[in-house]
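Q: Give me a 3D structure for the following:
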Amino acid sequence: MPTTLDYIRDLRLYQNKSGYRFSVDALLLYAFVNMTHVSQAADLGTGSGIIGLLLAKKYSRAKVRLVELQESLYRLAKKNAELNGLEDRVELILSDIKDLRGRLEPQCCDLVVSNPPFRKPSTGLLSEGEEKSVARHELKIQLPELVGAASYLLKGKGRFFMIFHPDRVLEVLDTLRANRLEPKRMRFVHNDIKSGSKIFLIESVRDGRPGLKIERPLCLYESEGVYTEEVRKMYGDR
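A: This is a model prediction of the structure:
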């Protein structure tokens, strides 16, 4: 499949030209991670590697595991780790997230992130092409399986950061708590100040104490086609 070479912040990234490509969601999730120190991290469903690689740049001493089911995206993520000189700290794992219990040690991470498929197959049109469809719709994994894997990987007080669709916010909260992940921080994302939320970010802590903070809304655009200053900073613009 033909690829393009794209630049995001201080990262160079190959992406399949007509396959799954990252969106602003990846930057939103990366920017939402606010941990001071990270030693072991995992990006579940890494795609071409953007979030995990950005985190590897941010936490320069951390070992980061990028987990991807689709071989085409796994190969791209591996290539991108090498392209950015991160192959010594970034491990690529070609695996179904549901199978990680047989491949990785329990409680091996203090940080887990995921930008998962959040549309059920019965809702909306499936994306054109298998690579896009699997990345955006719950064809290969469902929410309880994803959250269960994150809980398995996290140490006590480790943190799980995820981005998801607001239509399923109650389902997300229930699923996290059922897997010993206590929701601690949420932020709803809107296109602009006049629109409803299109997506939300959530942080949870394994075996954490109850107490949920709702942060101020995040607006993507200040006018048509013009990102807000906050989003521009996420892209590395001044």
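
Q: what's the weakest-modelled helix or strand in this protein?
A: helix 130-136 (a mean of 47; mean pLDDT, DSSP states H and E).

Q: starting at the chain centroid, how far to the very next helix or strand once past it?
A: Counting by DSSP states H and E, the next helix or strand C-terminal to helix 130-136 is helix 143-153. Distance of helix 143-153 from its chain centroid, counting by Cα atoms, centre = their mean, to the nearest Å, is 13 Å.

Q: Same question for stretch 21-36.
A: That offset, for stretch 21-36, works out to 7 Å (Cα atoms, centre = their mean).

Q: now stretch 88-108
A: With Cα atoms, centre = their mean as the basis, stretch 88-108 stands 15 Å off its chain's centre.

Q: quick one, strands of the protein?
A: 3-8, 11-16, 40-44, 63-68, 90-94, 109-114, 154-164, 181-190, 197-206, 213-214, 218-219, 221-223, 226-227 (DSSP state E).

Q: Can I get those in JSON lines including mean neighbour count?
A: C-beta coordinates here come from the backbone N, C-alpha and C atoms, glycine included. Shown next, in JSON lines, are the strands of the chain (neighbours: other Cβ atoms under 10 Å):
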{"stretch": "strand 3-8", "mean neighbour count": "13"}
{"stretch": "strand 11-16", "mean neighbour count": "19"}
{"stretch": "strand 40-44", "mean neighbour count": "27"}
{"stretch": "strand 63-68", "mean neighbour count": "26"}
{"stretch": "strand 90-94", "mean neighbour count": "20"}
{"stretch": "strand 109-114", "mean neighbour count": "26"}
{"stretch": "strand 154-164", "mean neighbour count": "21"}
{"stretch": "strand 181-190", "mean neighbour count": "20"}
{"stretch": "strand 197-206", "mean neighbour count": "21"}
{"stretch": "strand 213-214", "mean neighbour count": "10"}
{"stretch": "strand 218-219", "mean neighbour count": "18"}
{"stretch": "strand 221-223", "mean neighbour count": "13"}
{"stretch": "strand 226-227", "mean neighbour count": "14"}
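
Q: Out of those, which gets nearest to Leu100?
A: strand 63-68 (6.8 Å; Cβ to Cβ).

Q: looking at the strands of the chain, which is closest to Glu145?
A: Of all the strands of the chain, strand 40-44 comes closest under Cβ to Cβ, at 10.3 Å.

Q: Could you report the pLDDT at the closest residue in space to Pro166 that isn't next to it in sequence?
A: Excluding the flanking residues, the one nearest Pro166 by Cβ to Cβ, 6 or more residues apart in numbering is Ser197, at 4.6 Å. As predicted, Ser197 sits at a pLDDT of 97.
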